[in-house]
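Student: Test case, fold it:
(chains A and B)
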2 protein chains.
Amino acid sequence: MRSKAPRIQDVAEAAGVSTATVSRALSDPERVSEATRRTVLAAVERTGYSANRAARMLRTRRAGAVLVLVPNLGNPFFSQILSGIEAVFAAAGTSVLIADTQEQPIGPGQIARYISGGHADGLISLDGAIAPETLADEAQLPEGAPLVFACEWSAAGRFPSIRSDNADGVAQAVDHLVGLGHRRIGMVGGPDGNVLSAAREGAFRDALARHRIAPRDDWFVPGDFSLEAGRQAARRLLEMTDRPTAVFCAADQMALGLIGELRSRGASVPEELSVVGFDDIEIAEHVWPGLTTIRQRRHDLGRRAAEILLARLAAPEPARAETTILPVALVVRGSTGPAPGGR
Amino acid sequence: MRSKAPRIQDVAEAAGVSTATVSRALSDPERVSEATRRTVLAAVERTGYSANRAARMLRTRRAGAVLVLVPNLGNPFFSQILSGIEAVFAAAGTSVLIADTQEQPIGPGQIARYISGGHADGLISLDGAIAPETLADEAQLPEGAPLVFACEWSAAGRFPSIRSDNADGVAQAVDHLVGLGHRRIGMVGGPDGNVLSAAREGAFRDALARHRIAPRDDWFVPGDFSLEAGRQAARRLLEMTDRPTAVFCAADQMALGLIGELRSRGASVPEELSVVGFDDIEIAEHVWPGLTTIRQRRHDLGRRAAEILLARLAAPEPARAETTILPVALVVRGSTGPAPGGR
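Tutor: Modelled structure (predicted):
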């Protein structure tokens, strides 16, 4: 309908006031004089400026809240990331609102509703099932929008992202098992279509190749990061006549479910099967045997994601979006041991 | 500045259009013709109507979202309640936003910001640290406001609440232990000032009294519902020369931390100490030994809390606020056994 949308500067110029006064007249009219208000409204009308677009922008600016998309609050992996995010925004006086996407492909308009509904000034996605393109598309977010991916996604400079060094973590897990004499190593993977599943499975195959171990497809058990998936994987493993001596699980929850099921069926960990997880969720050190796993600096991850978003919110012209990768570390506990029979 | 604020009807009348058209012109100007937009803006100017107040009002009315206050997302207890809440609101086309209050006394204005900031049409609090009076006061919510307590609080008819039958749950836990021959029973409690801590501790003392067992204050170990609190409680118990043979923990997380620490120090569960939790969080059945605990119908609790809120949102004159109490059930697993030595 209009070829070029007038900007707030055009309104300010037409009214002979500052852009701050235009903002104030539109968003908080009681704070300007009646004369100024009328002048600004007249300029809004004259320039064809969308008062509502202004209001939306201003409102967005002072929602005083950011939104965090979490794939599944039932997975305790996310809580410490959230606490890192919350620590930063609490200090900035900004509320953190969380939406559980329930590992569902994001519904049409759902994100658009959050953002253009004025619930949030910015967004951090922890959801490996939501690709940057989907998010930008549905929320109609322009390049440079206040959007940070704190998961495996990176969006080629369009949005900043931060994640743990998954490839290195998986490599450390496999190196640890090989160092204990294991060469028959299986894996319990994440859900299809999740960027994290793909990354960890790829890294697992690479790590095996580095040790000249051929991957065995029958030892790859699909999962979905849940305790129950680990439990089912245990049953699958126990049914195999030719079994691995160690498994790498793409998430601690699956590793814990797997160990619990193995032990409830009388199989011993690590004597019969060594198990490595990934994440180092809080309970990993509280179970017995403790879970050997890859520690992600989750609080840091959250804190830094929040800082990146804050910087984006403050900058009129955000810098080129970068990908930040945080180091991970192997934590050896009781769930891994020497390969049986020196195979 | 103005004695009586003009209403959207005044603008509609001045512009000779419907109030719906005024709304559209202000909120979504691309959907009306340029001429209509200008007519409405002129009427806004003429009447002295605050376009921003309109936008705020409209936004509030169609936030299309409810807010859930959770004390600590790190405790997996809450995730299934949230999934119950989300199931109901997803069907109703309403977004669920979650705020983690981090078990902090709620900050002044924090809730007010959520509600009057237009982020949410209604609110469910799962936080036992936030009393109804505080919430109503800070958010300046009138009686009958769309507010539901899904925790121990009940507000004498002012707001609806729903909770598990804590007293019965604790009684079942103690009965189970007494049935196994235990009479030396300790407790690991929740944080001070939390309504749930008080309820479970009171019920514990009542249950002991019913069995004519005198409570031992030195066997009451304070905690905060966390894994780490359970771990510390284990250390306290192991230091005692005169020790209980069983402990009731006011939350599964504490029971799991306690068992993990006991086992890592070579103490056997349940042979040396029987442990009962409360909640039946998902992992309780996946650890070994499985945790004997009190199952709360968490998904149901969330679902019903959401239904109560939906009904409140729909009713112009909400019915008197009632308290709904859901039954709980003892789940016996491996962490409890007969009292040693037949004491």
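Student: quick one: contacts for the closest residue to residue A:322 other than its chain neighbours?
Tutor: Leaving out its chain neighbours, the residue that sits closest to residue A:322 by Cβ to Cβ, 6 or more residues apart in numbering or on different chains is residue A:160, at 5.7 Å. C-beta here means a position set from N, CA and C on the backbone, and glycine is covered the same way. For residue A:160, the contacting residues are A:148-149, A:308, A:312, A:321-324, by Cβ atoms under 8 Å, 6 or more residues apart in numbering or on different chains.
Student: Among those residues, give me the pair with the biggest separation.
Tutor: A:312 and A:323 (14.3 Å; Cβ to Cβ).
Student: who's more crowded, these two?
Tutor: Per other Cβ atoms under 10 Å in any protein chain shown, whichever of residue A:312 and residue A:323 has more neighbours is residue A:312, with 20 against 15.
Student: Who are the contact partners of the more buried one?
Tutor: With contacts defined as Cβ under 8 Å, 6+ apart, residue A:312 is in contact with A:122, A:144, A:146-148, A:160, A:318.
Student: now residue A:212
Tutor: Residues near residue A:212 by Cβ under 8 Å, 6+ apart: none.
Student: gap between it and residue A:253?
Tutor: 31 Å (Cβ to Cβ, to the nearest Å).
Student: Residue A:154 now?
Tutor: 25 Å.
Student: With neighbour numbers in mind, choose between the two.
Tutor: A direct count of neighbours by other Cβ under 10 Å for residue A:154 and residue A:253 places residue A:253 higher, at 32 against 20.
Student: can you pull out the helices in chain A?
Tutor: A:8-15, A:19-27, A:34-47, A:51-61, A:77-91, A:110-116, A:132-138, A:166-179, A:195-210, A:227-239, A:252-264, A:298-314 (DSSP state H).
Student: and residue A:334, which of these is closest to it?
Tutor: Nearest to residue A:334, of all the helices of chain A, is helix A:252-264, at 10.0 Å by Cβ to Cβ.
Student: one step back: going by mean pLDDT, which of the helices of chain A comes out lowest?
Tutor: Across these, helix A:51-61 has the smallest mean pLDDT, namely a mean of 43.
Student: show me the contacts for residue A:76.
Tutor: A:253, A:281-283, B:74, B:76.
Student: Can you pick out the most distant pair from these?
Tutor: A:253 and B:74, at 14.3 Å, using Cβ to Cβ across these.
Student: How about the stretch 101-250 of chain A: which residue is closest to chain B?
Tutor: Using Cβ to the nearest Cβ, the point where the stretch 101-250 of chain A gets nearest to chain B is residue A:227, with a distance of 4.9 Å.
Student: correct me, but that residue touches residue B:281?
Tutor: No. At 10.2 Å, residue A:227 does not count as touching residue B:281 under the criterion of Cβ atoms under 8 Å.
Student: Neighbour count: those two, which is higher?
Tutor: residue B:281 (28 against 25).
Student: Wait, the more buried one touches residue B:253, no?
Tutor: Yes. Residue B:281 is within contact range of residue B:253, at 7.1 Å (criterion: Cβ under 8 Å).
Student: Between the two, which contacts overlap?
Tutor: Contacts common to residue B:281 and residue B:253, judged by Cβ under 8 Å, 6+ apart, are B:75-77.
Student: Just name the closest of those residues to chain A, please.
Tutor: residue B:76 (5.4 Å).
Student: Please determine how far the closest one is located from residue B:128.
Tutor: On the measure of Cβ to Cβ, residue B:76 and residue B:128 end up 16 Å apart.
Student: cool, residue A:165 as well?
Tutor: Going from residue A:165 to residue B:128 by Cβ to Cβ gives 39 Å.
Student: repeat for residue A:253
Tutor: Distance, residue A:253 to residue B:128, by Cβ to Cβ: 26 Å.
Student: ok, back up a step: pull out the buried residues from the contacts of residue A:160.
Tutor: Listed as buried from the contacts of residue A:160 are A:148-149, A:308, A:312, A:321, A:324; burial here means 16 or more other Cβ atoms under 10 Å in any protein chain shown.
Student: ok, back up a step: would you format the contacts of residue A:76 as a markdown table with distance to residue B:186 included?
Tutor: Formatted as a markdown table, those follow (distance: Cβ to Cβ, whole Å):
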| residue | distance to residue B:186 |
| --- | --- |
| A:253 | 31 |
| A:281 | 28 |
| A:282 | 24 |
| A:283 | 23 |
| B:74 | 25 |
| B:76 | 24 |
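Student: Just the closest of those to residue A:44, please.
Tutor: For the contacts of residue A:76, the nearest to residue A:44 is residue B:74 (47.7 Å; Cβ to Cβ).
Student: Distance of the closest one relative to residue B:226?
Tutor: 8 Å.
Student: Specify which residue of those two has the higher count of neighbours.
Tutor: Shown here are residue B:74 and residue B:226; by other Cβ under 10 Å, residue B:74 has more neighbours (23 against 19).
Student: if I pick the closest residue to that one other than its chain neighbours, what's in contact with it?
Tutor: Among residues not flanking residue B:74 along the chain, residue A:79 sits closest, at 3.7 Å (Cβ to Cβ, 6+ apart). Listed by Cβ under 8 Å, 6+ apart, the contact set of residue A:79 reads A:282, B:72-74.
Student: For these, which entry has the maximal number of neighbours?
Tutor: residue B:73 (25 neighbours).
Student: Quick check, that residue in contact with residue B:101.
Tutor: No. Look at residue B:73 against residue B:101 with Cβ under 8 Å: they stay out of range, at 9.8 Å.
Student: Show the contacting residues for the nearest residue to residue A:149 once chain neighbours are set aside.
Tutor: With Cβ to Cβ, 6+ apart as the criterion, residue A:149 has its nearest non-adjacent residue at 3.8 Å, and that residue is residue A:161. Contacts for residue A:161 were tallied using Cβ under 8 Å, 6+ apart; they are A:132, A:148-151, A:153-155, A:321, A:323-324.
Student: Could you list the domains of chain A?
Tutor: Structural domains assigned to chain A are A:65-163+A:298-326, A:166-296+A:330-342, following automatic domain parsing.
Student: among these, which is nearest residue B:35?
Tutor: domain A:65-163+A:298-326 (25.4 Å).
Student: Quote the end-to-end distance of that closest one.
Tutor: Using Cα to Cα, to the nearest Å, one end of domain A:65-163+A:298-326 lies 26 Å from the other.
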